[in-house]
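S.K.: need a 3D model of the following:
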Amino acid sequence: MAPILFMPVVYFLGRSMGKRVGWVAFIPLLYSSLYFVSLLGKVSENPVGEYFYWLPGIRFGLYADSLSLPIALTVAVLSAIIVIYSQPYMDHSIHEQYHRENNNAHATYYALYLAYAASMMGVALSTSLFEFYLFFELMIIPSWALINAYGSGEREKIGFMYLLWSVLGAVLFVTGALSAYANTGSFEIADLVLIQGSPWAGFIVVTMLLGLTVKMAMFGFHIWLPFAHAEAPTPISALLSPAMIGLAAYAIVRMLIPIAGVMDTNMVLTMLWGLTTMIYGGMMVLAQNDIKRLLAYSSMSQMGYLFIGLASGTTIGISGSMMHYVSHGLGKAALFLSAGAIMHQTGIRDIRQLGGLAAKMPVTATAFIIGAMNIAGIPPTVGFASKLMVFMGAFGPGIQGNSVELLIAIVAILSTALTVGYTMWAMRRIFYGPLPEHLKDVKEAPQLMIVPMMLLCLLSIILGIYPGLILDPLFEVIPGLLPV
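M.R.: Residues are numbered from 1 along each chain as shown. Now for the predicted structure:
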């Protein structure tokens, strides 16, 4: 994978190039993005895979099909766009932290950034449980280091809490993975279906599911999320929030949906868990004055939508969840980058001290509004298509005769008003109303921050108009994963 090969190059060049090494880090991420784009429309008939044996019985593989490709592409595109944004943002942040130019800090940041991006792509493309766990663990290390070294506030304490919760999720997951290996004699994800009928099947599914829901920050396992996302450097928040936590939902589709198990026999409980996460996260957004904590709780709420789609057990609902991974990735990244631009230009993250910024930062305001429309599911953004499909999937089982599931689906769709409400409320407080005296001299963010935000917004609208680019391949692969 290109980002891994470029890590040492970026580190050693960064020690002399400083902030400009961000453009070197951009090269492998752009290459990965273009490569994945070139596979669109091809992997439906001819999935692409590369395999090699590491140890006896352990095969590593990178496999791109109609399910894994949109996820890996989203990670690659977000990483490439955000690394451009990182250059002015992190230059300012590092200068504030060290009160001088520090080339080593830039070199370490971009090397860790590439490791983080590569590990997320590895998670999406993995073909074995062992390989998935390896990338899953690798994903934790650079993200923790980036929070610990470049975050704000009590970053070391928060980084440690994030590390502990991440390790808890990984331990739960690997417990189920090793139990699956003991039952099947294989680490291959495709062989997980062999545990059906085993007395250990329930234990395997539950432990793996719990491990993945820790990473998704589902209700009860969400404690780490508002702290880590709020205090991480903004470019890392823009990857942590939309890209990383949603990978667990992809893993549930790839590994657990075919087994039936929890998602089938306890559909009501899983849909309730998703609904609780959705509503709790949305209510907590309304209680926030810190702009980044507001967005962090919003991410938790959006994971509830993904989980409801998965719990529906229907092709349209699961496809909608995977589409919502893409839409949330684009929308929430735009929101975090907009928040970062505001913090960069004003030095303020308390919403109570903001207001009237639309006149001073019109492009940032536009990006925030489009990002908000995306996560609220308002056309013409891609969030409209993804949420519509999630709810169509959720209504399916209820319409077929289960009144409890129908009630949950109705409450869930009514809860979208909460998302619309808190996004519009946040926009009103930040960008409209009277301009405080201390913001009279605020200017628009630098071009290297504006362009990435606009690219994310443009992609949100393009996919909103042409969702079939992602949905058509998903509709082909998802039915084959559902239990007969």
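
S.K.: what's the pLDDT at Ala201?
M.R.: With respect to pLDDT, Ala201 scores 83.

S.K.: before we move on, what about Asp264?
M.R.: Looking at Asp264, the pLDDT reads 51.

S.K.: I'd say Pro242 and Gly329 touch.
M.R.: Yes: counting by Cβ atoms under 8 Å, Gly329 is a contact partner of Pro242 at 4.0 Å. To be clear about C-beta, it is placed using only N, CA and C from the backbone, and glycine gets the same treatment.

S.K.: which neighbours do these two share?
M.R.: Jointly contacting Pro242 and Gly329 under the rule Cβ atoms under 8 Å, 6 or more residues apart in numbering are Leu78.

S.K.: in the stretch 101-250 of the chain, which spans are helices?
M.R.: 103-125, 129-150, 155-184, 201-216, 224-231, 234-239, 247-251 (DSSP state H, counting those that start in this stretch).

S.K.: so which elements touch the fifth one?
M.R.: Translated: helix 224-231. helix 155-184, helix 291-312 (3 or more Cβ pairs under 8 Å, 6 or more residues apart in numbering; DSSP states H and E).

S.K.: among the ones you listed, which is nearest Pro479?
M.R.: Pro479 lies closest to helix 291-312 among the helices and strands packed on helix 224-231, at 13.7 Å (Cβ to Cβ).

S.K.: so what's the gap between stretch 336-346 and the chain middle?
M.R.: Mean-position distance between stretch 336-346 and its chain equals 20 Å (Cα atoms, centre = their mean, to the nearest Å).

S.K.: likewise stretch 283-303?
M.R.: Taking the mean of its C-alpha atoms, stretch 283-303 sits 15 Å from the chain's own mean (Cα atoms, centre = their mean).

S.K.: over to stretch 210-220?
M.R.: The chain centroid and the centroid of stretch 210-220 are separated by 13 Å under Cα atoms, centre = their mean.

S.K.: any low-confidence regions in this protein?
M.R.: Scanning the chain for pLDDT under 70 picks out 99-100, 260-267, 397-403, 484.

S.K.: so who does the residue of the chain most remote from its centre touch?
M.R.: Going by Cα atoms, centre = their mean, the residue of the chain most distant from its centre is Glu437, 36.8 Å out. Contact analysis of Glu437 by Cβ under 8 Å, 6+ apart lists nothing.

S.K.: how close does it get to Glu50?
M.R.: Noted for Glu437: a distance of 60 Å to Glu50, by Cβ to Cβ, to the nearest Å.

S.K.: now Tyr150
M.R.: 33 Å.

S.K.: ok, Ile257 next?
M.R.: Distance from Ile257 to Glu50, counting by Cβ to Cβ: 25 Å.

S.K.: so which of the two has more stuff around it?
M.R.: Ranked by neighbour count (other Cβ atoms under 10 Å), Ile257 and Glu50 place Ile257 first, with 19 against 11.

S.K.: residue contacts, the more buried one?
M.R.: Met263, Leu310, Gly313, Ile318, Leu481, Leu482, Pro483.

S.K.: got a ChimeraX select line for the buried ones in those residues?
M.R.: In ChimeraX, this line selects whichever of the contacts of Ile257 come out buried by 16 or more other Cβ atoms under 10 Å:
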select :263,310,313,318,481,482
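
S.K.: next, format the helices of the stretch 101-250 of the chain as CSV and append distance to Val382.
M.R.: As requested, these are arranged in CSV below (distance: least, Cβ to Cβ, whole Å):
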stretch, distance to Val382
helix 103-125, 19
helix 129-150, 25
helix 155-184, 28
helix 201-216, 20
helix 224-231, 22
helix 234-239, 17
helix 247-251, 16
